[in-house]
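In: Fold the following.
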Amino acid sequence: MTTDTQKPATSTVDLDEMVAASDTGARSPVGFQGKLLVSIAAAWSLFQLWIASPLPFLVGFGVFNSTEARSIHLTFALTLAFMAYPAFKRSPRNRIPLPDWAIGLVAAFCAAYIYIFYTQLSARPGAPILQDVIVGVMGLILLLEATRRALGPPLVIVASVFLAYSLLGPHMPGILAHRGVSVNGLINHQWLTAQGVFGIALGVSTSFVFLFVLFGALLDKAGAGNYFIKVAFSMLGHLRGGPAKAAVVASGMTGLISGSSIANTVTTGTFTIPMMKRVGFSSEKAGAVEVSSSVNGQIMPPVMGAAAFLMVEYVGISYVEVIKHAFLPAVISYIALIYIVHLEALKANMKGLPSNNPVRPLLNKVIGFMTGIVLLMLLSFAVYYGLGWLKPVLGDATPWVVSLALAAVYVLLLKVGSAYPELELDDPNSAVISLPQTRPTVMVGLHYILPVIVLVWCLMVERLSPGLSAFWATVFMIFIMLTQRPLIALFRNRSQPVADIREGIQDLWNGLVTGARNMIGIGIATATAGIVVGAVSQTGVGLVLADVVEILAMGNLMLILLLTALLSLILGMGLPTTANYIVVSALMAPVVVMLGQQNGLLVPLIAVHLFVFYFGIMADVTPPVGLASFAAAAVSGGDPLRTGFQAFYYSLRTAALPFLFIFNTDLLLINVSFMQGIMIFIVATIAMLIFAAATQGYMLTRSRWYETLLLLLIAFTLFRPGYWMDKIHDPYQLVPPAEFSEALGRVEQGSYLRVQIAGEDDFGDPMMTYRLVPVPSGNTAEERMDNLGLELFVEGDRAFVDMVAFGSLASDLGFDFDQEIVEVSAPVDRWAKEWIWIPGFLLFGLVYWLQKRRRDRQAEPAQSAMA
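Out: This is a model prediction of the structure:
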């Protein structure tokens, strides 16, 4: 058994090298080579800021279309990959060998080929010449080599398998066979069009992801990471098991500025893990808490992982909608993790760290907290409606007025913060740890919140694109970095303007370089994953996979979901989250939706994509290759595998959520009102806390086996009340297909008919599936049928689609000529499914009473002994 004394924690230098090897490249050349490397990285950041800004269109220079921008984006990524990532473990770290220079230049040319020869290529679409093919072959080979260096062999193997499958189609066995693809056709599709390497995934990396990663890097270099950690500890460190609770909150906030679960683990873990061990957590449990909270940072809106931006393109909804659907599961997952930490502290009877905060009665704390919330709400309403009134008055001058007001608020916050001492991270291994006071800690860094507010405002209120929103937030962040040091020094009467400005410029330069180096792996991953997407679209393997999965799962949707989750976990052992999401969503998302329809469960596409996203993130935790777990173990000195298994155990709540929101889309806030959303949030949070107590085997005291089963049953009931209500009363009644029109006229507008149709798929094969038909407006059945865009031909008891209006709702739903309406189910009046919550809460009251009685009995002997 590994103990803390037997295995000391890894040094800071080793941890930095671990993060570098994973995220930014392990090579740090010195001299001219080092300057060239960081200059190219900074140039990449400046290029991305340029194409995201309105400046190219204002000056009429440097305007690139999406394909050209993707080509230049990949050129930078490949160049830096060969410069920053050594070829082998024994390769030099302090210089760039000559072969890597040569390979990097060739790779850069291949990636820039589309941009350089854009006019010529557009004149011969689909007809590559020998030069195009040679460049494409070299480009694919060098892209795979860059992937091996930056991300390891797994993604290379996956991409190579799909390339081989494309070329060897006629020689594949059974249903896997296809007509095959020529080398010319393969290179044209994968390298010379926007279908493969330069497809949607690389486009999202170019347009959105880079700017958000750069924004996070600048925010971190400005000092926000340290600020978030200190605030979390000042607020929560004194509670029972407080350092672990603070670690959860700090990692959640750090998730705003770090898209990497490994970097998040190391950044916050070097401070939080020793603190957790100090109050009684074992090395493995301390590391597992940090891993669980760091990995979940990628699912926390408003700045989610790179995969969230891909959902915008793949699902076809706005980023605001993605945030809306992802918000509730992410929040309740974090709340549950804090509760899990609390239960661990209760089981071990842990204490918190000594606090310097003045002791205040609980009532005063509650009043102070509520006052702060009310003031924040009033300020939000004032800004929102005030701007709404000012915009028509100010007209084109509005941006300038708002910018000046924002700058004034920023200066005011700096003035307030300068009255408090600067934040300095304590040594977590020192003999005495004294938590900072909450008020001074919060006040000294409030200006770090402003760029996040700008980002959220642009996304949620102004409804700008994610790229433009991140651009304006980054511009404001650059302004802060250049001015915060001189202004704070001025307010503290120790100003040295030249030195302060120079330090600000250095911080900005470091942020530009770090942001670009953090993007190397993501840029390479999205390009290589594009090979898989290109192969799917070129060979039709997605339909083949649907048949294979249907055979394996025997048409059972739950088995299909389990297979999808397993595939995500297996691929995620070697693939970064973004690449894992691209591969699995391209292969499995359409299959789950289609087979769900055939089973009568109409699963929204966003639910399936979030399902894949969640399990892709879980792969960073899962042994034996959970990289975040290895990073945490390096900090804690614990065993990596035991840390990984413990982290997976803590993350069971995250693994359960995707299955729950597939079957109950209310958790994704789909088609629910504001008040319903609040009620769902409260009940779902309670349900997740009950689930956490069941998995931990502890609530008020250690649970008996039957209490654990009851808690799991209660959690399921609160999460899915519709399951039990459907058993009591079917939500639909069958209507003869010939009465489809009459049923459409009878039910309330805004409700849905569930319709089973039989026909042929795009390949002429028989198909049976379900459609959820929204009831359109109209006073009569005829008007509603017209608004639906559907005409039926009735023959006895049977009904067939006679005509579908072009561009109509029926056409969008997938109705087609000559399909047969096999079954029509109309909604019926019944009790709301939420009534099932009542017996669920009553059963919970019984378990609570049983545990409370047992806890009180256990406490009596101890009290008697003390007396």
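In: which residues touch residue 63?
Out: By CB atoms under 8 Å, 6 or more residues apart in numbering, the contact set of residue 63 is 56-57. In this view, the C-beta of every residue, glycine as well, is placed from N, C-alpha and C.
In: And it, its phi and psi?
Out: With angles defined as degrees, to the nearest 10, residue 63 sits at phi -90, psi 120.
In: Now do it against residue 710, distance only.
Out: Separation of residue 63 from residue 710 (CB to CB, to the nearest Å): 64 Å.
In: any idea how far residue 113 is from residue 201?
Out: 19 Å.
In: now do residue 284
Out: Distance from residue 284 to residue 201, by CB to CB: 36 Å.
In: more neighbours, these two?
Out: When residue 284 and residue 201 are compared for neighbours, residue 201 comes out ahead with 35 against 24, by other CB atoms under 10 Å.
In: And that one, how far from residue 604?
Out: From residue 201 to residue 604 the distance is 22 Å (CB to CB).
In: again, but for residue 208
Out: For residue 208 relative to residue 604 (CB to CB), the value is 22 Å.
In: between these two, which one's more packed in?
Out: Comparing residue 208 with residue 604 by other CB under 10 Å, the one with more neighbours is residue 208, at 24 against 20.
In: can you pull out the helices in the stretch 1-150 of the chain?
Out: Using DSSP state H, counting those that start in this stretch, the helices of the stretch 1-150 of the chain run over residues 12-19, 31-52, 55-59, 66-84, 98-116, 118-123, 130-151.
In: Return the most buried member of those helices.
Out: Ranked by mean neighbour count under mean count of other CB atoms under 10 Å, the helices of the stretch 1-150 of the chain are led by helix 66-84, which reaches a mean of 25.
In: still on that earlier bit, can you say which of the helices of the stretch 1-150 of the chain is nearest to residue 223?
Out: Comparing the helices of the stretch 1-150 of the chain by their distance to residue 223 (CB to CB), the top pick is helix 12-19, with 18.2 Å.
In: Tell me where this protein has strands.
Out: 732-735, 752-760, 766-774, 790-795, 798-804, 820-827 (DSSP state E).
In: Share the number of residues neighbouring residue 725, please.
Out: 18.
In: Next: residue 280.
Out: Neighbours around residue 280, by other CB under 10 Å: 17.
In: quick one: contacts for it?
Out: Contacts of residue 280 by CB under 8 Å, 6+ apart are 241, 345, 348, 350-351.
In: now do 7 Å
Out: Neighbouring residues of residue 280 by CB atoms under 7 Å, 6 or more residues apart in numbering: 348, 350.
In: Need the phi and psi values for it.
Out: Per-residue torsions, residue 280: phi 130, psi 0 (degrees, to the nearest 10).
In: how close does it sit to residue 355?
Out: Relative to residue 355, and taking CB to CB, residue 280 is found at 17 Å.
In: same thing with residue 630?
Out: From residue 630 to residue 355 the distance is 33 Å (CB to CB).
In: Low-confidence regions, the stretch 651-800 of the chain specifically.
Out: Scanning the stretch 651-800 of the chain with the threshold set as pLDDT under 70 gives 762-764.
In: Can you show me the helices along it?
Out: Under DSSP H, counting those that start in this stretch, the stretch 651-800 of the chain gives helices at 652-663, 674-696, 705-719, 721-728, 740-746, 781-788.
In: Show me what the fourth one is in contact with.
Out: Contacts made with helix 721-728 from outside it, assessed by CB under 7 Å, 6+ apart, are listed as 664, 717, 831, 833-834, 836-837.
In: ok, which pair from the residues you listed is furthest apart?
Out: Maximum distance among the contacts of helix 721-728 (CB to CB): 17.0 Å, for 664 and 831.
In: Neighbour count for those two, which is higher?
Out: With neighbours defined as other CB under 10 Å, residue 664 and residue 831 compare such that residue 664 has more, 19 against 10.
In: where's the more buried one relative to residue 733, distance?
Out: Counting by CB to CB, the gap from residue 664 to residue 733 is 22 Å.
In: Ok, residue 328 next?
Out: For residue 328, the distance to residue 733 - CB to CB - is 32 Å.
In: the more surrounded of these two?
Out: residue 328 (22 against 11).
In: The more buried one is in contact with residue 667, isn't it?
Out: Yes. Counting by CB atoms under 7 Å, residue 328 touches residue 667, with 5.7 Å between them.
In: what's the overlap in contacts for those two?
Out: Common neighbours of residue 328 and residue 667 (CB under 7 Å, 6+ apart) are residue 684.
In: per-domain residue ranges of the chain.
Out: Here the domain parsing of the chain from automatic domain parsing is 17-202, 732-829.
In: show me what contacts residue 236?
Out: So residue 236 contacts 242, 245-246, 249 (CB under 7 Å, 6+ apart).
In: Who wins on neighbours among those?
Out: Ranking those using other CB under 10 Å puts residue 246 first, with 31 neighbours.
In: isn't it right up against residue 233?
Out: Yes. Residue 246 lies in contact with residue 233 (CB under 7 Å); the separation is 4.5 Å.
In: before we move on, back to that, got a markdown table for the strands of the chain, with distance to residue 58 too?
Out: Compiled in a markdown table, those are given as follows (distance: least, CB to CB, whole Å):
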| stretch | distance to residue 58 |
| --- | --- |
| strand 732-735 | 57 |
| strand 752-760 | 48 |
| strand 766-774 | 44 |
| strand 790-795 | 49 |
| strand 798-804 | 46 |
| strand 820-827 | 54 |
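In: Can you pull the poorly scored residue ranges out of the stretch 151-300 of the chain?
Out: 255-261, 263.
In: Would you state the helices of it in chain order?
Out: 153-167, 183-191, 200-204, 210-222, 224-236, 242-254, 261-278, 283-295.
In: ok and the last one relative to helix 652-663, angle-wise?
Out: The one in question is helix 283-295. 40 degrees (axes from the mean of the first three to the mean of the last three CA atoms, to 10 degrees).
In: So which other helices or strands are in contact with helix 283-295?
Out: helix 242-254, helix 261-278, helix 319-347, helix 627-636, helix 640-650 (3 or more CB pairs under 7 Å, 6 or more residues apart in numbering; DSSP states H and E).
In: Looking at the domains of the chain, which is nearest to residue 692?
Out: That would be domain 17-202 among those, by CB to CB, at 29.9 Å.
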